[in-house]
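# can't give you the sequence, but here's the structure:
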């Protein structure tokens, strides 16, 4: 009798899983993208009230004061617009767009912000970070870049915050939420965009350390005050 080796078994298992995945995607993806996936009705967002409050109050950032916080509309959705100040530092602007309805999906927020700001952009870099929570590490992948318009130049850091990770690609949320729904759960999200003023067309690498620090603080505060039930 001919036996199947470990490598053959692994390949066969991979093929079976791949075929199963294709069948699942063929069935649910078209309806999901159109916002008509019936499974959504079975899994509302548990902490939607905290997400809604975030839009109205902004986020507390340790060692920084909020000199201005208000609700603004960008791309037809409501955002928290927040100006952070600290003695001896230039003001920093934090935009947060929380999920406020259980069928909301992220996707074109970066385009919306660029359109409102009338930015030109370059020097895109991925910043891969980790946030500590109860002895475990939560991965955080952000995009960091230079942006400028006729008025000012900024170092900008952006990502989609989620309870167990952060990523600048909305596709990461899509897949996580898709598989969470198979277990009757959902993945809430908050869009984060923070800009720090720099010298006209200045080097953003001078702000890299500050951007990383802010990203970790913001992700941590969102986990503690919004995502944790």
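Arrived safely. The model shown is predicted, which means the values in this text are computed figures rather than measured ones. Numbers count the residues shown, from 1 in each chain.
# Strands along this structure, start to end?
65-74, 77-85, 92-98, 120-133, 136-148, 153-161, 166-167, 190-198 (DSSP state E).
# Can you pull the domain assignment for the protein?
The chain breaks down into these structural domains: 1-36, 43-227 (assignment by automatic domain parsing).
# Of all the strands of the chain, which one is nearest residue 175?
The closest of these to residue 175 is strand 166-167. By CB to CB, the value is 10.3 Å. C-beta: built from backbone N, CA, C; applies to glycine.
# how near is the residue nearest the centre of the chain to residue 209?
Among the residues of the chain, the one closest to the centroid is residue 160, at 0.4 Å (CA atoms, centre = their mean). Noted for residue 160: a distance of 22 Å to residue 209, by CB to CB, to the nearest Å.
# With residue 83 instead?
Using CB to CB, one gets 21 Å for the distance from residue 83 to residue 209.
# Same drill for those two, tell me which one is more crowded.
Regarding residue 83 and residue 209, a neighbour count based on other CB atoms under 10 Å identifies residue 83 as having more, with 16 against 9.
# Pull the contacting residues for the residue lying closest to the more buried one once chain neighbours are set aside.
Closest residue to residue 83 in three dimensions, ignoring its sequence neighbours and counting by CB to CB, 6 or more residues apart in numbering: residue 68, at 4.2 Å. Contact criterion CB atoms under 8 Å, 6 or more residues apart in numbering gives 81, 82, 83 as the residues in contact with residue 68.
# Show the pLDDT at residue 68.
Model confidence at residue 68, expressed as pLDDT, equals 97.
# do the same with residue 33
The pLDDT attached to residue 33 in the predicted structure is 56.
# Same check on the one 3 residues further on?
Looking at residue 36, its pLDDT stands at 53.
# Equivalent analysis for the one 4 residues further on, please.
Residue 40 is assigned a pLDDT of 44 by the prediction.
# what's the spacing between residue 200 and residue 150?
When distances are taken as CB to CB, residue 200 and residue 150 turn out to be 11 Å apart.
# Those two: which has the busier surroundings?
residue 200 (9 against 6).
# That one: what's its closest spatial neighbour, skipping adjacent residues?
Nearest in space to residue 200, with sequence neighbours left out and distances taken as CB to CB, 6+ apart, is residue 153 at 5.2 Å.
# Give the bridge partners for that neighbour, please.
residue 148, residue 198 (DSSP bridges).
# quick one: contacts for it?
Counting by CB under 8 Å, 6+ apart, residue 153 touches 146, 147, 197, 198, 199, 200, 201, 202.
# Only whichever of those residues are buried, select them in PyMOL.
To isolate the buried ones among those in PyMOL, judged by 16 or more other CB atoms under 10 Å, type:
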select buried, resi 146+147+197+198
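# got the contacts of residue 153 as TSV, with pLDDT and distance to residue 182 columns?
Converted to TSV, those look like this (pLDDT from 0 to 100; distance: CB to CB, whole Å):
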residue	pLDDT	distance to residue 182
146	98	40
147	98	38
197	96	44
198	96	44
199	95	50
200	93	50
201	89	48
202	92	47
